[in-house]
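Enquirer: Dropping a prediction and its sequence here:
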Amino acid sequence: QVQLVESGGGLVQAGGSLRLSCAASVRTISRNAMGWFRQAPGKEREFVAAMLWSADSTYYADSVKGRFTISRDYAKNTLDLQMNSLKPEDTAVYYCAADGARNKTPGRKVDDYDYWGQGTQVTVSS
């Protein structure tokens, strides 16, 4: 069973930065797509970013493109999300997710992922 644990959330002013990290319990998912989603109060969970193995296979929601960067640290077995130029509308619970299948192009839908973390709160004040 794959377990994912997010960290790095918090409160930041608009224009600031945060770095989220997601630790995976097993290394067997190193060839699986992983991604970040977020859910604001009263809204559905939405895609933020995803990647397969390298920076050549990264995907972003239009709302975060140019501000957020997704990356994987294979030595630490983590998935990271660097968030810059944060806006109040980025406020949400951020979830890490992993696909159960190997070598599959990262999806943008919740149903494309099989494993989820518990989420970490990101609050951006204006």
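Expert: Ah, there it is.

Enquirer: contacts and neighbour counts: CA atoms only from here.
Expert: Noted.

Enquirer: List the buried residues for the longest strand seen in the chain?
Expert: The longest strand of the chain (DSSP state E) is strand 92-102. Going by neighbour count (16 or more other Cα atoms under 10 Å), the buried part of strand 92-102 is Ala92, Val93, Tyr94, Tyr95, Cys96, Ala97, Ala98, Asp99, Gly100.

Enquirer: And for stretch 115-123?
Expert: Trp116, Gly117, Gly119, Thr120, Gln121, Val122, Thr123.

Enquirer: now stretch 39-51
Expert: Applying 16+ other Cα under 10 Å to stretch 39-51 flags Gln39, Ala40, Arg45, Glu46, Phe47, Val48, Ala49, Ala50, Met51 as buried.

Enquirer: same deal with stretch 51-63?
Expert: Across stretch 51-63, burial judged by 16+ other Cα under 10 Å covers Met51, Leu52, Trp53, Thr58, Tyr59, Tyr60.

Enquirer: Determine the three-state secondary structure at the residue most central in space within the chain.
Expert: In the chain, the centroid-proximal residue (Cα atoms, centre = their mean) is Trp36; its distance is 2.2 Å. Classification of Trp36 by DSSP: H, G, I helix; E, B strand; the rest coil places it in strand.

Enquirer: got a list of what the nearest residue to it once chain neighbours are set aside touches?
Expert: Excluding the flanking residues, the one nearest Trp36 by Cα to Cα, 6 or more residues apart in numbering is Cys96, at 4.7 Å. Contact partners of Cys96, counting by Cα atoms under 8 Å, 6 or more residues apart in numbering, are Leu4, Val5, Glu6, Cys22, Met34, Gly35, Trp36, Phe37, Trp116, Gly117, Gly119.
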